[in-house]
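K.L.:
Need the 3D shape of this:
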Amino acid sequence: MRLYISSDPPHRYARVTGQGAVRQVDEVDSLDSLPRRLKGDDVWVVLPGEQVVTAEVAVPARNRRQLARVLPFALEDQLTEDVDSFHIVPIAFTPGTSAVAAVVSRELLREVRSSFAAAGLSPSALVADYQLLPVHPGATMTVAATGDGRIAVLGARGTGAVLDAGSLELWWQSSDERGGTIAVNDTALGRRLDELGGEDVRQWEIGTDFTGWLAHRGPRSIVPNLMPRLDGERRAARVPAMRSAAVLLLLAAALRLAADGYEYVRLEQAHARLTGETHTLFRELFPEETRIVDVRSQFRSKLAELGQQAAGQGEFQFLLSVLAPAAARGVTVEEISFRDGALEVACEVGNFSEIDRLRERMAGQGVAVELVGSGSLADRVTGRLRLSRGQG
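P.N.:
Residues are numbered from 1 along each chain as shown. Model prediction:
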């Protein structure tokens, strides 16, 4: 049996079979109060979603070995602390294009592991609560109210978050996944998403926390594991005890004299090795760059370029998805161009009022529509419109 249990008290938990069936749901005030028979289960710790960040970033990696090396560079500018203080786990990967990754504090992982070990539990996995949300096969996103002012979100690609209810509108305006079908667990939340411009919001009764969500996940659905591998961690060396205190003191003094010099040489060697590996990775990913001066700075610059390109492609697709249905009736699109985040469209319609109706249809979809120019030719009217994301 697999035991999903929340990291914070009171500890909600659910026991799940290998086929995905939820067999028991309960709650304990402390880990020490957990029934003894459950301590032999495969323990998965469920972290509050606020403690785990997921992000989709543009990466040029062509395989998972390269991905593991390039992800810290791709995420570095998005983190508030040194990248080495975070554990980064790839969730989804499109070779040569992009990756979705989860980021969690290493210090938090150590604290969680220590508190569970004190209660006689050895977790094999950690997961954010929103990562246990089910995503309906017919939807692109699940949005769930948890009943305590929190809203959990999970997209089909694996990006997710936990919001407070007051920041829902801000999140909606910045989301790139709002165009498809959205499954919600709460009627009021569904109405709010409709008001914000959700095109297809549907009710899905899945419960308000992970103990209910687990019952709606497919038996073959994969849950990402944020737990660092134990075999990759440093283990302290064991030094045989010596009977003579004098020998211990002399040995400690001799070791101290050599320690600083050895540590300096070791760090210099590690730095040289890492610099060489970074140069090699840069040349693999960007073979057109023949001159390397500051590899770390050049890495950040190239990844920023890729991110801007990906953002531009997403903006173009969004604007095109608004234009296509609006222009389907009585409009002939003659020319389309995209630059500086705006889509310019040259079209022909039957009369000037058709241009106004076309603008109205698109302005209701979160798009600002500007009439650049219009004119008439024979029995047709030509117009040029500029579309950009924003309020019409």
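K.L.:
Okay, the residue nearest the centre of the chain and residue 207: tell me how far apart.
P.N.:
The residue lying closest to the centre of the chain (Cα atoms, centre = their mean) is residue 54, at 2.3 Å. From residue 54 over to residue 207 the distance is 22 Å, taken as Cβ to Cβ, to the nearest Å. For the C-beta atoms, the positions are set from N, CA and C on the backbone; glycine is no exception.
K.L.:
Now do the helices in this protein.
P.N.:
64-75, 106-118, 168-174, 187-196, 210-213, 245-285, 295-326, 352-363 (DSSP state H).
K.L.:
Which one of those helices has the poorest average confidence?
P.N.:
Lowest mean pLDDT of those: helix 245-285, a mean of 53.
K.L.:
Pull the distance from stretch 181-197 to the chain's centre.
P.N.:
Its chain's C-alpha centre and that of stretch 181-197 lie 22 Å apart, by Cα atoms, centre = their mean, to the nearest Å.
K.L.:
ah, wrong one, I meant stretch 39-59
P.N.:
Relative to the chain's own centre, stretch 39-59 is displaced by 11 Å; criterion: Cα atoms, centre = their mean.
K.L.:
What's the end-to-end length of that stretch?
P.N.:
Length of stretch 39-59, first residue to last, Cα to Cα, to the nearest Å: 41 Å.
K.L.:
rewinding a little: for the residue nearest to the centre of the chain, which residues count as its bridge partners?
P.N.:
Beta-bridge pairing of residue 54 under DSSP bridges involves residue 102.
K.L.:
Give me the pLDDT value at it.
P.N.:
In this model, residue 54 carries a pLDDT of 91.
K.L.:
which residues sit in contact with it?
P.N.:
For residue 54, the contact set (Cβ atoms under 8 Å, 6 or more residues apart in numbering) comprises 91, 100-103, 128, 158-161.
K.L.:
I'd like to know which of those is nearest to residue 224.
P.N.:
residue 91 (4.9 Å; Cβ to Cβ).
K.L.:
what about stretch 13-28, start to end distance?
P.N.:
8 Å.
K.L.:
Now do it: everything it contacts.
P.N.:
Residues contacting stretch 13-28 (Cβ under 8 Å, 6+ apart): 1-6, 10-12, 34, 38, 41, 210-211, 214-215, 217-219, 221.
K.L.:
Now with 6 Å, please.
P.N.:
Here stretch 13-28 makes contact (Cβ atoms under 6 Å, 6 or more residues apart in numbering) with 1-5, 10-12, 34, 211, 214-215, 219.
K.L.:
Can you check the pLDDT for residue 31?
P.N.:
For residue 31, pLDDT reads 95.
K.L.:
circling back: tell me which of the contacts of stretch 13-28 is nearest to residue 357?
P.N.:
Minimum distance to residue 357 across the contacts of stretch 13-28 is 47.1 Å, recorded for residue 215 (Cβ to Cβ).
K.L.:
Which residue, other than its chain neighbours, is closest to the closest one?
P.N.:
residue 22 (4.7 Å; Cβ to Cβ, 6 or more residues apart in numbering).
K.L.:
same deal with residue 16?
P.N.:
residue 2 (4.8 Å).
K.L.:
Residues in a beta bridge with that neighbour, which ones?
P.N.:
residue 16, residue 42.
K.L.:
neighbours around it, how many?
P.N.:
17 (other Cβ atoms under 10 Å).
K.L.:
That one touches residue 45, doesn't it?
P.N.:
No - between residue 2 and residue 45 there is no contact under Cβ atoms under 6 Å: 11.6 Å.
K.L.:
Report the rounded mean pLDDT for stretch 215-229.
P.N.:
For stretch 215-229, mean pLDDT rounds to 83.
K.L.:
List the buried residues for it?
P.N.:
Neighbour-count burial for stretch 215-229, counted by 16 or more other Cβ atoms under 10 Å, picks out 216-217, 224, 226-228.
K.L.:
Quick check: the two most widely separated of those residues?
P.N.:
Maximum distance among those (Cβ to Cβ): 29.1 Å, for 216 and 228.
K.L.:
hmm, back to that, which pair in the contacts of stretch 13-28 spans the largest distance?
P.N.:
10 and 219 (28.6 Å).
K.L.:
Can you show me the CA trace of stretch 173-183 as PDB?
P.N.:
C-alpha atoms of stretch 173-183 as PDB (Å, rounded to 0.1, in the frame of the first residue of the first chain):
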ATOM      1  CA  GLN A 173      -4.300  37.300 -16.700                       C
ATOM      2  CA  SER A 174      -0.800  35.900 -16.800                       C
ATOM      3  CA  SER A 175      -1.700  32.300 -17.600                       C
ATOM      4  CA  ASP A 176      -0.800  30.800 -21.000                       C
ATOM      5  CA  GLU A 177      -3.200  27.800 -20.600                       C
ATOM      6  CA  ARG A 178      -6.500  29.600 -20.100                       C
ATOM      7  CA  GLY A 179      -7.800  29.000 -23.700                       C
ATOM      8  CA  GLY A 180      -8.900  25.400 -23.400                       C
ATOM      9  CA  THR A 181     -11.400  23.500 -21.300                       C
ATOM     10  CA  ILE A 182     -11.100  24.000 -17.500                       C
ATOM     11  CA  ALA A 183     -12.400  21.600 -14.900                       C
END
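K.L.:
Just the buried positions in that stretch, please.
P.N.:
For stretch 173-183, burial by neighbour count (16+ other Cβ under 10 Å) applies to 178-179, 182-183.
K.L.:
same deal with stretch 10-17?
P.N.:
Neighbour-count burial for stretch 10-17 [16+ other Cβ under 10 Å]: 11-16.
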